[in-house]
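>>> Return atomic coordinates for the entry below.
(chains A and B)
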There are 2 protein chains.
Amino acid sequence: MTPVFLSESESAALVDDELALAAAREAFLAAATGSIFPVVIGHSSTPGTRFSLKSGAAGDLVGVKVGSFWPGNVDLPRHGSTIVLLDPATGRLAAVVEAAAANGYRTAAADALAVGTLARADSRTLTVVGTGHQAVHEVRAVSRVRPIERVLVVGRRAEAARSFAAEVTAVTGLAAEPVDVQAGVSAADVLVTATTSREPLFDASWVKPGTHVSAMGADGPGKQELPVELYERASLFCDLPQQSSSIGEFQHTSVVPVALGAVLAGEAAGRASDDDVTVFDSSGFALQDLTLAAALLRRASGEAR
Amino acid sequence: MTPVFLSESESAALVDDELALAAAREAFLAAATGSIFPVVIGHSSTPGTRFSLKSGAAGDLVGVKVGSFWPGNVDLPRHGSTIVLLDPATGRLAAVVEAAAANGYRTAAADALAVGTLARADSRTLTVVGTGHQAVHEVRAVSRVRPIERVLVVGRRAEAARSFAAEVTAVTGLAAEPVDVQAGVSAADVLVTATTSREPLFDASWVKPGTHVSAMGADGPGKQELPVELYERASLFCDLPQQSSSIGEFQHTSVVPVALGAVLAGEAAGRASDDDVTVFDSSGFALQDLTLAAALLRRASGEAR
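Below is the predicted model:
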């Protein structure tokens, strides 16, 4: 069998939120029975560069995502992604999918899946903390699954927050404005954090009853976006409990979160009431990448068009 | 930059012992200053399958080898290999090299490098323990670096040993015959073990002074080919001391082996005398794969032809 190669420009042209959301659903449902192997963090000979290897298997999928972070990139985004799929029948190379642009959709799709499962149906105000590249993806994906009417933007630098709000409006058509962190957190029906923070971004008491919080940023030891005091009055969910408790947001608490996949499968309860505060932590896992690559390949071959 | 793809048939047509030996030398010299990251062992949903991720960086090279072992393969070899190189300047995908056939050359080249560095110059009898696919590569590669005149073959099954000896003669033109393990070990100037053994294959007292031993098989916890008693009167070498002492042959002793790269670089002594017994343990490391892929790509682009 000749391996299939999907280039960066091809996958970028093929990906959309619908494809990414379906792939995320498939990955989260498979997480309970699939296999996830230890994550490797490496680097090149140039200081500051980083790559990660996330591998896994579920059903007919087996492979690895090579993620890269080259902070010195100027003409290219700093994050890259290459997904390698093996042929489940032979172990030989089946496909290589370059997916740097698609990776933003993939991560935001996990957020949208959580919001669509856990947030109040009448969530209208979305607050996003963080103004980086990934934050735009989060707003776009989340606004597809809830009737979001306005977007509040919290950023450390006023200029970045203004320009991000303008970009959100351009991409989604939604009203968007920069606010300070307390105003943003207090007004949120859905609160998304997408930062590289290593300490809590806000005070737990600012979060109003009924809010859903998605923490998208913590994916390594020492990273933290949420105040631990929030956990005392919230229902906690994540992608992979063991990973979330070791390198994700819940490394800072002993409470064991519920896998979102279990809620999707009807095996665990989601939001308890309209006053419940729900928290979802995303640290990312290989099956998201494998299902994304498979979905892109199906679309490329015309099966899903 | 568009990634380059080298297919299995292309790399199989390009590889030879000379290319593999040069790539091995480059890798062993780079091992001292390069980076090797933790090895991941995974599997597909089919029981018994296995894949490994070996990643590293040195100089301009950064990437990962995805090795596969699918024991149920019938029409294809059970071992597969795909090498992914990242662009050192951007972290993006630079090349994908399928290298299942080339992998046999790569592993044998490490052996040839060790034999060429450590064995007596007048080594004429090569004994190989093991009659698998890799063992033919070992005989071919080793006979290029020493004046081997005869090959003794030790196998558990007489029929396999006979047929292997015939294959050795067909491939190398050398006289080859099956012998029992004591006869083979006692007569060896160079002794190569290439098995999946989990216990010593022979008695240390059978090894005559001046012998060089290359243990090519031990690459995981519990694997063992050599008797620990041999270490008391031998000089010990390996590819990566830390790895060799954890998953290689030297996991069964507290003696710390010398890196072959240090000998190649003139920073450590090799064989002490014609009576010295030298032992080399190969557990395999990512830089061998990265330099192999780079050499194949150079040859494919015509630079090395």
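>>> Could you list everything A:V128 pairs with in the sheet?
A:V153, A:V192 (DSSP bridges).
>>> let me fix that: A:F51
In beta-bridge terms (that is, DSSP bridges), A:F51 pairs with A:G42, A:S68.
>>> my guess is it meets A:V64, correct?
No. Using Cβ atoms under 8 Å, A:F51 is not in contact with A:V64, being 11.2 Å away. Any C-beta I mention is one placed from the backbone N, CA and C, and that applies to glycine too.
>>> Name the residue in the two with the higher neighbour count.
For A:F51 versus A:V64, the count of surrounding residues by other Cβ atoms under 10 Å in any protein chain shown is larger for A:V64: 29 against 24.
>>> Secondary structure of that one: a strand, I assume?
Yes. Assigned with DSSP: H, G, I helix; E, B strand; the rest coil, A:V64 falls within a strand.
>>> Neighbours of the residue lying closest to it once chain neighbours are set aside, how many?
Leaving aside its sequence neighbours, A:V64 sits nearest to A:S55 (Cβ to Cβ, 6 or more residues apart in numbering or on different chains; 4.0 Å). Residues lying near A:S55 (other Cβ under 10 Å) number 31.
>>> SS state for A:S55?
Recorded secondary structure, A:S55: strand (three-state DSSP).
>>> residue contacts, it?
Listed by Cβ atoms under 8 Å, 6 or more residues apart in numbering or on different chains, the contact partners of A:S55 are A:36-37, A:63-65, A:286, B:40, B:42, B:51, B:53.
>>> all helices of chain A, in order?
Along chain A, the stretches classed as helices by DSSP state H are A:8-14, A:17-30, A:100-118, A:133-145, A:158-172, A:181-187, A:241-246, A:260-264, A:286-300.
>>> tell me the mean pLDDT for stretch A:226-241?
Average pLDDT, stretch A:226-241: 95.
>>> and the residue nearest to A:G116 when sequence neighbours are not counted, what does it touch?
Leaving aside its chain neighbours, A:G116 sits nearest to A:V145 (3.8 Å; criterion: Cβ to Cβ, 6+ apart). For A:V145, the contact set (Cβ under 8 Å, 6+ apart) comprises A:21, A:112, A:115-116.
>>> One more pass at 6 Å, please.
A:112, A:115-116 (Cβ atoms under 6 Å, 6 or more residues apart in numbering or on different chains).
>>> Identify, from those residues, the entry nearest to chain B.
Nearest to chain B out of the contacts of A:V145 is A:A112 (Cβ to the nearest Cβ; 26.8 Å).
>>> can you count the residues close to that closest one?
What A:A112 shows, counting by other Cβ under 10 Å, is a neighbour count of 26.
>>> check contacts around the residue in the stretch 151-300 of chain A that chain B sits nearest to.
The nearest approach of the stretch 151-300 of chain A to chain B comes at A:A286, 9.2 Å away (Cβ to the nearest Cβ). By Cβ under 6 Å, 6+ apart, the contact set of A:A286 is A:36, A:54-56, A:65.
>>> Name the residues of chain A found near chain B, please.
Residues of chain A found near chain B (Cβ under 6 Å from any Cβ of the partner chain) are A:5, A:37-38, A:40, A:42, A:44-45, A:53, A:55, A:57, A:59, A:62, A:68, A:70, A:73, A:76, A:80, A:82, A:88, A:90-93, A:96, A:98.
>>> out of these, which are buried?
For those, a neighbour count by 16 or more other Cβ atoms under 10 Å in any protein chain shown gives the buried set as A:37, A:40, A:42, A:44-45, A:53, A:55, A:57, A:59, A:62, A:68, A:70, A:73, A:76, A:80, A:82, A:88, A:90-93, A:96, A:98.
>>> Which residue lies nearest the spatial centre of chain A?
Centroid-nearest residue in chain A: A:T107, 3.0 Å away (criterion: Cα atoms, centre = their mean).
>>> From B:R233, how far out is it?
According to Cβ to Cβ, to the nearest Å, A:T107 stands 58 Å off from B:R233.
>>> repeat for A:V181
Separation of A:V181 from B:R233 (Cβ to Cβ) stands at 70 Å.
>>> Give me the more crowded residue out of the two.
When neighbours are counted by other Cβ under 10 Å, A:V181 comes out ahead of the other of A:V181 and B:R233, with 17 against 13.
>>> list the contacts for the closest residue to that one other than its chain neighbours?
Closest residue to A:V181 apart from its sequence neighbours, by Cβ to Cβ, 6+ apart: A:V154 at 4.9 Å. Contact analysis of A:V154 by Cβ under 6 Å, 6+ apart lists A:129, A:181, A:184.
>>> could I get those residues as JSON lines with pLDDT?
Listed next are the contacts of A:V154 as JSON lines, based on pLDDT from 0 to 100:
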{"residue": "A:V129", "pLDDT": "97"}
{"residue": "A:V181", "pLDDT": "97"}
{"residue": "A:G184", "pLDDT": "98"}
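>>> still on that earlier bit, specify the beta-bridge partners of the nearest residue to the residue of the stretch 151-300 of chain A closest to chain B once chain neighbours are set aside.
Ranked by Cβ to Cβ, 6+ apart and with sequence neighbours excluded, the top spatial neighbour of A:A286 is A:G56, at 3.4 Å. In this entry, A:G56 is beta-bridged to A:I36, A:G63, by DSSP bridges.
>>> Share the number of residues neighbouring A:G56, please.
25.
>>> mind checking how far it is from A:A95?
15 Å.
>>> shouldn't A:F69 be in contact with A:R50?
Yes. If you go by Cβ atoms under 6 Å, A:F69 and A:R50 touch, sitting 4.5 Å apart.
>>> Most proximal residue of the stretch 101-250 of chain A with respect to chain B?
A:A101 (11.9 Å).
>>> any idea how far A:R298 is from that residue?
18 Å.
>>> Comparing the two, which residue is more hemmed in?
A:A101 (19 against 15).
>>> what sits against that one?
A:A101 neighbours (Cβ under 6 Å, 6+ apart): A:A12.
>>> go with 8 Å
With contact set as Cβ under 8 Å, 6+ apart, A:A101 has these partners: A:8, A:11-12, A:15, A:77.
>>> now, which of those residues sits nearest chain B?
Closest to chain B, out of all of those and judged by Cβ to the nearest Cβ, is A:E8, at 7.6 Å.
>>> beta partners for the residue lying closest to that closest one once chain neighbours are set aside?
In this structure, A:E8 finds its nearest non-sequential neighbour in A:E98, 4.1 Å apart by Cβ to Cβ, 6+ apart. Beta bridges link A:E98 to A:T82 when assigned by DSSP bridges.
>>> From A:A57, how far off is A:E98?
For A:E98, the distance to A:A57 equals 21 Å [Cβ to Cβ].
>>> cool, A:V145 as well?
29 Å.
>>> Quick check: A:S235 touching A:D276?
Yes. In terms of Cβ under 8 Å, A:S235 counts as a neighbour of A:D276; the distance is 5.6 Å.
>>> Going by how many neighbours each has, rank these two and give me the top one.
For the pair A:S235 and A:D276, the greater number of neighbours falls to A:S235 (20 against 17), based on other Cβ under 10 Å.
>>> got the contact list for the spatially closest residue to that one that is not a sequence neighbour?
Spatial nearest neighbour of A:S235, excluding adjacent residues (Cβ to Cβ, 6+ apart): A:T278 at 5.1 Å. A:T278 is in contact with A:118-119, A:211-213, A:234-235, A:237, A:270-271, counting by Cβ under 8 Å, 6+ apart.
>>> Let me see the domain layout of chain A.
Chain A breaks down by automatic domain parsing into domains covering A:4-103+A:287-300, A:108-284.
>>> now, among the contacts of A:S55, which is nearest to A:L260?
Checking the contacts of A:S55 against A:L260 with Cβ to Cβ, the nearest one is A:I36 at 14.4 Å.
>>> Around A:R198, count how many other residues there are.
13.
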